[in-house]
Each structure stands twice: as structure tokens, then as C-alpha cells.
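Student: my questions are about this predicted structure, shown below with the sequence.
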Amino acid sequence: MEKIFKLKEHGTTVKTEIVAGVTTFLAMAYILIVNPMILSGAKMDTGAVFSATAISAGIATLVMAFVANLPFALAPGMGLNAFLAVTVCGIMGYSWQFAITAVFIEGIIFIALTLCNVREAIVNSIPRNLKSAISVGIGFFIAFIGLQNAGIIVDGATLVELGDVTSGPALLALIGLVITSILLAYNVKGALLWGIVITTIIGIPMKITTFHGGSWLPPSLEPTFWKFSFAEVAAHPVDFIIVCFTFLFVDMFDTVGTLIGCATKADMIQKDGSIPHCKEALFADAVGTTVGAILGTSTVTTFVESSTGVVEGGRTGLTALTTGILFFLSLFLSPLLLSVPSAATTPALVLVGFFMMGSIKNMEFEDPSEGIPAFLTILMMLCAYSISDGIMFGVIAYVLIKAAKKEFEDISIATVILTILFLLKFIVDGIQM
């Protein structure tokens, strides 16, 4: 383990890494339930998507472990699966085979861009102040997701409002939040993981934690494996390009944002603003997306829930290895793992948001040309419910304000190119609407 993952160099231990990996898995295991449910709306086989989700997540996370030696996990991303099911297959009326073909092509393009160092250059081009803002914004974002999952925050007349917190999952999540906070206050090792376990147990008499049941054998991949529709693509090339570009764009900047946020929290950002083994991490994402499409699932991306493992002390690929192995085991333990209610993972997500807020002390607010773009990054990430949209607004604001002040030395060529791409994205979105 020491030879492969260099644990002493990173100031960690086998026990710490394994606990971090288990914590990360439990925090993102909901994707095993949610992804098949969402993609079933595109008439995809639920069982096959479950297996595709677990296997693609396991493969991509193992690549992250052994190639990048980073403590981050991957799985089919939220948002992109909804775009596939609702927009491509619902509003646009295409088959899920058409959409999966777009995901496959996106993955191939990602591999090429990664090998050519294009994606790494994009990560390194984002100004340091915005890197800190991305970490803070993701903290708010992941906490908001947790509150939504438990029904503490719900849709309402004011877009969002407080749900019924006197019973059900919301009450269980709040109980778990108190327990986990106390464990953290007492510096209990693995507090987030213990919080998830204890909250799950408390949910049993509340009839919120229920045994999922069902077969312990992995569902067949046959209904979704290698089901590409190149004939349909050839018949609708323009729409295919738009769909593929959307997958490509959102995935790229969701991944960029997550890597920056988690690396910042793990104190991995180097003096020049770069992330160690960034190219290898992006390669894991590209491989995961390509393999996922072959198996039959939506775009695979680095999960923001990886920060739960980072908070537990995960610093190397051993954390990712642990998470990846658990994804493979989930194929045979689905009735047990799917019994963990989302309310039990809410405390971990909310408290990770608290920890990621720490990056705000590194942000420059005295200079409006630095502070305003950072503020917009955080604000739009939360309000637009999108990591990539937050990055878009932040980078565009940074370039425009710096250019207006004639501080051109602060604007890199890569950042200008990013701004142009972001503006083109707004145009493409306008065409689609």
C-alpha cells in the first residue's frame, strides 16, 4: 500500500483511507437508486442501468485510484442523467440509444482532449481566487442537495421553502445532523461515517429505514449493453451535435469544479494554482464516460460527495480504491445498501458544506475585480443549481472586469478562450430554447 499510494508522504494511514473511502461510498450510494429511476423515464431497463451504474462507477474510480492516486470517486452524474431522459428523450423525442451514442462520442472526445492536455490547461487557467470560490460554492451546493434529499427544503411559492421538519425523513435528518455534529465536536474519528450508520439505525423504529429486499444477484446488462444508434445520428446530425456539445460542456466544467473544490479542501492546490495529477484525474473521468456509455448509462463524472471522504482524512488513491471496490460489491449487496435512506446521508452532506466554507478565508474581497467574480461564482452555483453555471458566470465576470480596469496581465489566453466558449454556450442554449 505504501509503495503504490505513498501514504506516509501524504500524511495518512491505511485505516484513515479506508474509512474515508467507505464514507464517500455511503454519501454517493444514492446514485445507485436515483440513476436507474431517472433513466427509466427514457424507457431504459432499470435493472440494467443499476448494473451499468455500479460497474462504470467502479471502473472509473479504480482508474482514479491507480492512475491519478487521488481520493476522488466517480459515477454517473446528476443533472446530466436528467438532461438525457427529460430533454433528449422527452422534449426532443429521440431514443435513449441516440442519447447514449452522444455520451459515447463525448467520452471519446474527452479522452482526446485529456491526452492533448486541453482539459488540464482549462483547470490551471482558472484564477486562484475563483478556485477558492468554487470550493465554497460547492460547499453550499452539496449542503443544499442534502437538505433537499431529506425534505428539509422543498419546492414552494418562493421557489424554495422549509418543509415539514416535525416528522419523517426531515426529522430523522435533523436528528442525525445533531448527532454527527456532536461526534465532530468531540473529534471522533470517522464521525461522518458513524453519523450515517447511527442515523440509519435510528430510522428503523421511525419506519424510514426499511430493508429493500429483492435479488442479491446483479441484474443483466444485456438490455443496454452496446446499444448505439448511429443510423439515428446520421439522420439528425445537427441535433446530435447540439446534444453532444451540451453533454461535453456541462460534464467538463462540473468535473473541473469538483476537482478544484475537493483538491482545495484537501489542501492539494500547488503554489502555481495547479492540481497534482490533474491530467490523470481527468483521464479517469473520460474513461468512465466512455465505458459507461458502452454499458448503458449517462455521463460519468467526479462526484462532489468525494469531499466527504476528504473531510475524513482521505488523501490518496487508497480512498478511491475502497470506494471503487464497494461499488463492485454493491452489485451483490444492493438490497442492503439501498436500505440506507437519503435522510441518513444528509448530515454528512450538510457538514461537508460547513467544512468547505473554510476556503473563504483564502479569498480576496478587498479588490472588487477579484471579489465580485468570486461572489457570482458562489451565488450562481447555488441559485442556478449548477456547478458549471457558477464557473461560467465567475470566469466571464472576471475577464470583463479585469479588461475594463485594463489589468490585462491578470487575464491568461486560456481564460479568454474559456470566456468565448461560455458565451457560445449561452448562444447554443438560446437556440435550443
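Tutor: Good, I have the coordinates. As the structure is a prediction and not an experimental result, all values here were calculated from the model.

Student: need the contact list for the most centrally placed residue in the chain.
Tutor: Note on the chain: the residue nearest the mean C-alpha position is residue 303, at 2.7 Å, using CA atoms, centre = their mean. With contact set as CB atoms under 8 Å, 6 or more residues apart in numbering, residue 303 has these partners: 24, 28, 31, 72, 73, 74, 75, 77, 258. C-beta coordinates here come from the backbone N, C-alpha and C atoms, glycine included.

Student: using JSON lines, please lay out the residues you listed together with distance to residue 418, neighbour count and secondary structure.
Tutor: Formatted as JSON lines, the contacts of residue 303 follow (distance: CB to CB, whole Å; neighbours: other CB atoms under 10 Å; DSSP: H, G, I helix; E, B strand; the rest coil):
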{"residue": "24", "distance to residue 418": "29", "neighbour count": "32", "secondary structure": "helix"}
{"residue": "28", "distance to residue 418": "28", "neighbour count": "25", "secondary structure": "helix"}
{"residue": "31", "distance to residue 418": "29", "neighbour count": "21", "secondary structure": "helix"}
{"residue": "72", "distance to residue 418": "22", "neighbour count": "32", "secondary structure": "coil"}
{"residue": "73", "distance to residue 418": "26", "neighbour count": "33", "secondary structure": "coil"}
{"residue": "74", "distance to residue 418": "23", "neighbour count": "33", "secondary structure": "strand"}
{"residue": "75", "distance to residue 418": "26", "neighbour count": "30", "secondary structure": "strand"}
{"residue": "77", "distance to residue 418": "21", "neighbour count": "28", "secondary structure": "coil"}
{"residue": "258", "distance to residue 418": "17", "neighbour count": "28", "secondary structure": "helix"}
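
Student: sorry, back to before: now do the residue nearest to the centre of the chain against residue 73, distance only.
Tutor: 5 Å (CB to CB, to the nearest Å).

Student: find residues that contact each of those two.
Tutor: Common neighbours of residue 303 and residue 73 (CB under 8 Å, 6+ apart) are 24, 28.

Student: if we can go back for a sec, pLDDT check: weakest of the contacts of residue 303?
Tutor: Minimum pLDDT across the contacts of residue 303 is recorded for residue 258, with 80.

Student: so which residues of the stretch 101-250 of the chain form strands?
Tutor: For the stretch 101-250 of the chain, the strands defined by DSSP state E, counting those that start in this stretch cover 153-156, 159-162.

Student: out of these, deepest packed?
Tutor: Using mean count of other CB atoms under 10 Å, the stretch among the strands of the stretch 101-250 of the chain with the largest mean neighbour count is strand 153-156, at a mean of 13.

Student: direction included, what does it pair against?
Tutor: Within its sheet, strand 153-156 is paired with strand 159-162 (antiparallel), according to DSSP bridges.

Student: may I have the partner strand exported as PDB, CA atoms only?
Tutor: What follows is strand 159-162 as a C-alpha-only set of coordinates in PDB (Å, rounded to 0.1, in the frame of the first residue of the first chain):
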ATOM      1  CA  LEU A 159     -39.200  28.700  -5.200                       C
ATOM      2  CA  VAL A 160     -37.800  27.000  -2.000                       C
ATOM      3  CA  GLU A 161     -39.100  26.900   1.500                       C
ATOM      4  CA  LEU A 162     -38.900  24.900   4.700                       C
END
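
Student: and for it, what's in contact with it?
Tutor: With contact meaning CB under 8 Å, 6+ apart, strand 159-162 is reached by 152, 153, 154, 155.

Student: go on, stretch 223-231?
Tutor: Under the contact criterion CB under 8 Å, 6+ apart, stretch 223-231 has outside partners 44-45, 47-49, 52, 95, 97-98, 100-101, 104, 293-297.

Student: quick check: buried residues in it?
Tutor: Residues of stretch 223-231 classed as buried by neighbour count (16 or more other CB atoms under 10 Å): 223, 224, 227, 228, 229.

Student: ranges for the helices of the stretch 101-250 of the chain?
Tutor: All helices of the stretch 101-250 of the chain, identified by DSSP state H, counting those that start in this stretch, fall at 118-125, 128-150, 168-185, 191-202, 230-235, 237-265.

Student: please identify the most buried of those helices.
Tutor: helix 128-150 (a mean of 25).

Student: so for the residue nearest to the centre of the chain, what's the pLDDT?
Tutor: Listed pLDDT for residue 303 reads 88.

Student: not counting its neighbours along the chain, what's nearest it?
Tutor: In space, and not counting its chain neighbours, residue 303 is closest to residue 28: 4.9 Å by CB to CB, 6 or more residues apart in numbering.

Student: now do the same contact list for the residue nearest to residue 384 when sequence neighbours are not counted.
Tutor: Of all residues not flanking residue 384 in the chain, residue 390 sits nearest, at 6.8 Å (CB to CB, 6+ apart). Listed by CB under 8 Å, 6+ apart, the contact partners of residue 390 are 134, 137, 141, 257, 376, 377, 378, 379, 380, 381, 382, 384.

Student: and the contacts of residue 303 as CSV, adding distance to residue 211?
Tutor: Formatted as CSV, those follow (distance: CB to CB, whole Å):
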residue, distance to residue 211
24, 24
28, 21
31, 20
72, 31
73, 26
74, 28
75, 24
77, 28
258, 33
